[in-house]
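**Q** Following is a predicted model, sequence given first.
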Amino acid sequence: MTFIVRMLRFVFWVVVLSWSVALLRRLVRRMGQGALQSQAPVDVPADTQARKLVRDPVCGMHIAEVLALPMRQDGELVHFCSAACREKYLSETRKMAANG
């Protein structure tokens, strides 16, 4: 009789454990779907210029060409991520020209 009771207890706990795992998986899946749905869609322009990245020579940051601040210097087009980087680049260029 104790063997049958032990087997029934074992089966009971296996069923409880499997249901708990299934419930936990379902809960995690719903949480993941909720996080994906709560994010606002990103508006990506269709033109090819928006896809082109340029590198800021001062800080090294990559930025979309349409968002960058362009500056033409000595026939070369240089792009900056911010006005502060552009000013820093200009001041360093002046220092190099004075030392050169």
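**A** Cool, the structure landed. Model, not experiment: these values are computed from the prediction.

**Q** and stretch 16-25, what's its mean pLDDT?
**A** For stretch 16-25, the mean pLDDT works out to 95.

**Q** now do stretch 79-94
**A** Average pLDDT, stretch 79-94: 87.

**Q** next one: stretch 2-12
**A** Averaged over stretch 2-12, pLDDT sits at 94.

**Q** Equivalent analysis for stretch 31-42, please.
**A** Taken as a whole, stretch 31-42 has an average pLDDT of 64.

**Q** How far does the strand or helix carrying residue 30 sit from its chain's centre?
**A** Assigned by DSSP states H and E, residue 30 falls within helix 2-38. Offset of helix 2-38 from its chain centre (Cα atoms, centre = their mean, to the nearest Å): 33 Å.

**Q** repeat for stretch 59-71
**A** With Cα atoms, centre = their mean, you get 18 Å for stretch 59-71.

**Q** and if you look at stretch 63-79?
**A** 25 Å.

**Q** Tell me the buried residues in that stretch?
**A** 63, 68, 78, 79 (16 or more other Cβ atoms under 10 Å). The C-beta positions use only the backbone N, C-alpha and C, and glycine is treated the same way.

**Q** With distance to residue 14 as added columns, please give the residues you listed in TSV.
**A** Listed next are the buried residues of stretch 63-79 as TSV, based on distance: Cβ to Cβ, whole Å:
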residue	distance to residue 14
63	57
68	61
78	68
79	63
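
**Q** Now the two most distant members of those.
**A** Spanning the widest gap among the buried residues of stretch 63-79 are 63 and 78, at 12.3 Å by Cβ to Cβ.
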